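# All I have is the shape, not the residue letters:
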């Protein structure tokens, strides 16, 4: 099961006003391994507008390829190339979320789901439910239900707030 980080754009409508605009301004970023980032790290970073990350990956891949050409440094170059690919695959989506958050996007939620459609359904279903105002704790009359005269207040047979029994 994957985790999806849910971000909303700056200036998006409030959570209580679910509309098509809110749905369009909400971005779901899957936390996990990315095969496209593993196979093509520099191109993947350029596609997602991670310019400095792409330049760094390009330079490190060039250094790794040059090390592989030198006698005795093949293993070091291959390890550097593999490291760049694995790092891009594991942390690339985190870099995307960091870039969006630095631009003013707000973290709304974190949802665990098997796929994107399920994550969207879980996230948007939370807002479509209207709370019942009659069950607010301020409307509870605790003194009417408490029959314990030795200790007034909500005890329910548990230790009190002062640590007593």
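On my side now, so go ahead. No experiment lies behind these values; they were computed from the predicted model shown.

# rest of the way, CA atoms for contacts and neighbours
Fine.

# Could I get the buried residue list for the longest helix anywhere in the chain?
The helix spanning the most residues in the chain, taking DSSP state H as the definition, is helix 74-102. When neighbours are counted by 16 or more other CA atoms under 10 Å, the buried residues of helix 74-102 are found to be 74, 77-78, 80-81, 83-90, 92-95, 97, 100-101.

# For burial, what's the neighbour tally of the closest residue to residue 77 other than its chain neighbours?
Nearest non-adjacent residue to residue 77, counting by CA to CA, 6 or more residues apart in numbering: residue 64, 4.1 Å away. Each residue near residue 64 was counted by other CA atoms under 10 Å, and the total is 23.

# list the contacts for residue 64?
76-81 (CA atoms under 8 Å, 6 or more residues apart in numbering).

# Then residue 49?
Taking CA under 8 Å, 6+ apart, one finds nothing in contact with residue 49.

# Backbone dihedrals for it, please?
Backbone torsions for residue 49, taken as degrees, to the nearest 10, come to phi 60, psi 40.

# Tell me where the model's unsure across this structure.
Judged against pLDDT under 70, the low-scoring parts of the chain cover residues 12-22, 127-165.

# can you give me the strands in it?
Assignment of strands within the chain using DSSP state E yields the ranges 2-8, 26-31, 106-113.

# Just put the ones you listed in a markdown table and tack on mean neighbour count and distance to residue 51.
Rendered in a markdown table, the data for these read as follows (neighbours: other CA atoms under 10 Å; distance: least, CA to CA, whole Å):
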| stretch | mean neighbour count | distance to residue 51 |
| --- | --- | --- |
| strand 2-8 | 20 | 21 |
| strand 26-31 | 19 | 19 |
| strand 106-113 | 16 | 22 |
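
# Could you point out which of those strands sits nearest residue 123?
Relative to residue 123, the nearest member of the strands of the chain by CA to CA is strand 106-113, separated by 7.1 Å.

# Taking their axis directions, the closest one and strand 26-31 sit at what angle?
Computed by axes from the mean of the first three to the mean of the last three CA atoms, to 10 degrees, the angle separating strand 106-113 from strand 26-31 equals 50 degrees.
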